[in-house]
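Colleague: Just a sequence and a predicted model for now, questions to come.
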Amino acid sequence: MIGHDAHEVERKVISILKVLNESTQPLGARIIARELKDYGVDLTERAVRYHLKIMDERGLTQPMDKDGRIITKLGKEELKNALVTDKVGFVITRIELLAFSTTFDVNTGKGQVVINISFFPKDNLQKAIKAMKEAFHAGLCVSQLVAIANEEERLGGILVPKDMVGFATVCSITINGALLKAGVPMDSRFGGILQIRNSQPLRFIELISYEGSTIDPSEIFIRGKMTAVAEAATTGNGKILANFREIPAQCRAMTEEVITKLKQKGIGGVMMVGDTSEPVCEIPIGLNRIGIILLGGLNPVAASVEAGIEAENKAMAGVIDYSQLIDFWEL
């Protein structure tokens, strides 16, 4: 029991560090207690003060004026390395949580959709938009709908850092969520690099399973400069971000109906739906199952990184109300 209690204390400490890390100014116990609820941690103001005192002693936080705290360099390092056991399977857990949190109604076009968030230096935003145009034009995205937020504004609950601009793209998990609401269970298997030839999907040349992965595969592939999205968009031959899902074969009709309704609301992203028990892009499929390839929502951002414009990406960053999205071509 002692070990379990210590683990719980550490989890609370890490959650407090996360809240402080996302703030550009010192925070007091009251605000921290309120923000912690977003991480599923319910602590009273007094309990937060108790933890902060211990964290000050450990050098993870630093008191500022009027009882406000900031995260220290040591605190940032702790946050980075924290609770490795909690991270195992993080990606698949996050996918399931966000799919469940999606409230988007395919019939009314109301509710929340899942987004990825990319941070660009504000001086580079126009260059990034220019570099993303071909990918959006070629439809190598989940949606042409995006959202923008300036420095120190919130985008999907995440604070945009100073001197940066937040750029949100619709994430393919929105499709998981819409199907889940319709009663279709979707099995998320992996994210990968999909080779495109003559504008058609050919085969996966890299893949990372969501099971046990602590970082979203798209972030890894973009950081490793493993994509050729701009080339795929302009020539029909290249390497793009894609995700692999499976559904039970008996759900095909319902799935196609939901996909059609999503398209009518400006949310696409379904690149290929396979045949029952048949391999899709050389990936074997289980008995009475259907393979589905979804486009990666971060493909346009990958194209901008290919053009030399660096971005900090947070795939599966959270949810945003559909009404807050605007057409990319209005930017």
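Modeller: Okay, I see it. Numbers count the residues shown, from 1 in each chain.
Colleague: Give me the spatial nearest neighbour of residue 244, chain neighbours excluded.
Modeller: With sequence-adjacent residues excluded and distances taken as CB to CB, 6 or more residues apart in numbering, residue 244 is closest to residue 189, at 4.8 Å. Just so you know, the C-beta spots here come from the backbone N, C-alpha and C atoms, and that holds for glycine as well.
Colleague: residues contacting that neighbour?
Modeller: Residue 189 makes contact with 209, 210, 244, 245, 246, according to CB atoms under 8 Å, 6 or more residues apart in numbering.
Colleague: Next up, phi/psi of it, please.
Modeller: The phi/psi pair for residue 189 (degrees, to the nearest 10) reads phi -100, psi -50.
Colleague: before we move on, what about residue 211?
Modeller: phi -70, psi 120.
Colleague: State the distance from it to residue 92.
Modeller: Going from residue 211 to residue 92 by CB to CB, to the nearest Å gives 5 Å.
Colleague: And the two? Which one has more around it.
Modeller: residue 92 (18 against 13; other CB atoms under 10 Å).
Colleague: which residues does that one contact?
Modeller: Residues near residue 92 by CB under 8 Å, 6+ apart: 188, 210, 211, 213.
Colleague: Repeat that for residue 210.
Modeller: Contacts of residue 210 by CB under 8 Å, 6+ apart are 91, 92, 95, 188, 189, 190, 191, 217.
Colleague: repeat that with 6 Å
Modeller: Each residue near residue 210 by CB atoms under 6 Å, 6 or more residues apart in numbering is listed here: 91, 92, 188.
Colleague: pretty sure the last one is touching residue 95, no?
Modeller: Yes - counting by CB atoms under 6 Å, residue 188 does reach residue 95; the two are 5.0 Å apart.
Colleague: Which pLDDT does the model give residue 157?
Modeller: pLDDT for residue 157: 77.
Colleague: So it is in contact with residue 318, correct?
Modeller: Yes - assessed by CB under 6 Å, residue 157 is found in contact with residue 318 at 5.0 Å.
Colleague: neighbour-wise, which of these two wins?
Modeller: The neighbour comparison of residue 157 against residue 318 (other CB under 10 Å) goes to residue 318, with 20 against 13.
Colleague: Pull the number of nearby residues for the residue lying closest to the more buried one once chain neighbours are set aside.
Modeller: Distances taken as CB to CB, 6+ apart place residue 156 nearest to residue 318, at 3.9 Å, with adjacent residues excluded. A count of neighbours around residue 156, defined by other CB under 10 Å, yields 21.
Colleague: Provide a list of residues in contact with residue 156.
Modeller: Taking CB under 6 Å, 6+ apart as the test, what residue 156 contacts is 115, 317, 318, 320.
Colleague: Now for the residues you listed: which two are most distant?
Modeller: 317 and 320 (9.0 Å; CB to CB).
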